[in-house]
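Asks: got a structure for you, letters missing:
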């Protein structure tokens, strides 16, 4: 009736001490530097760790305390969905020496043509390109990771997908569209609070 109740460390120490004394007698040495005392504290720490986990699970039934995926489930009760992140888009010049195909994320049969920048960010070709011959081709790529991934000119130069006929890759310009980071737990909680307060009068309003 009072919600989740857990024991404190001192309460557990008192309980274990009484149990030890019932078995071994009141003169058992349970000092912190004794083997029995150390074993007792290992048991107690295990219980405290499990209690902490149970407390986290219990608190996450409240959308103001929930985090991550559980928060997504809680706010869905109020008809709210986390705002997803978007991908940064940038143009990359691909120089080829022959006819070839570069496959984008618009298909799921062939390996997606991917390039990496100096910071380790991977960039995926958006639309499959059918290249008829040698030349320079400006193609649109998007960051593999959603969010505000910056593209510094002349840094996306390392092919991850090796394709015969591609001689060089480079981004002479910066991004055309900067991605947006996924809505944080904090921002989502604030938006949920405002949503349920729309028809109220008082402090929340």
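Replies: Ah, there it is. No experiment lies behind these values; they were computed from the predicted model shown.
Asks: can you give me the strands for the chain?
Replies: Remark: strands assigned in the chain by DSSP state E are 89-96, 100-102, 114-117, 122-125, 129-131, 135-143, 156-159, 166-170.
Asks: and the second one, what's its mean pLDDT?
Replies: So the one you mean is strand 100-102. For strand 100-102, mean pLDDT rounds to 95.
Asks: now the fifth one
Replies: Strand 129-131 shows a mean pLDDT of 95.
Asks: go on, the longest one?
Replies: Per-residue pLDDT values over strand 135-143 give a mean of 96.
Asks: Next, the contact list for the residue nearest the centre of the chain, please.
Replies: The chain has residue 68 as the residue nearest its centroid, 8.0 Å off, counting by C-alpha atoms, centre = their mean. By C-beta atoms under 8 Å, 6 or more residues apart in numbering, residue 68 lies in contact with residue 185. C-beta coordinates here come from the backbone N, C-alpha and C atoms, glycine included.
Asks: Let me have the strands of the chain in CSV, extended by mean neighbour count and distance to residue 37.
Replies: Converted to CSV, those look like this (neighbours: other C-beta atoms under 10 Å; distance: least, C-beta to C-beta, whole Å):
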stretch, mean neighbour count, distance to residue 37
strand 89-96, 19, 62
strand 100-102, 17, 67
strand 114-117, 20, 55
strand 122-125, 21, 53
strand 129-131, 15, 70
strand 135-143, 17, 55
strand 156-159, 17, 58
strand 166-170, 16, 65
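Asks: which sections of this protein are below the confidence cut-off?
Replies: The chain contains residues with pLDDT under 70 at 198-205.
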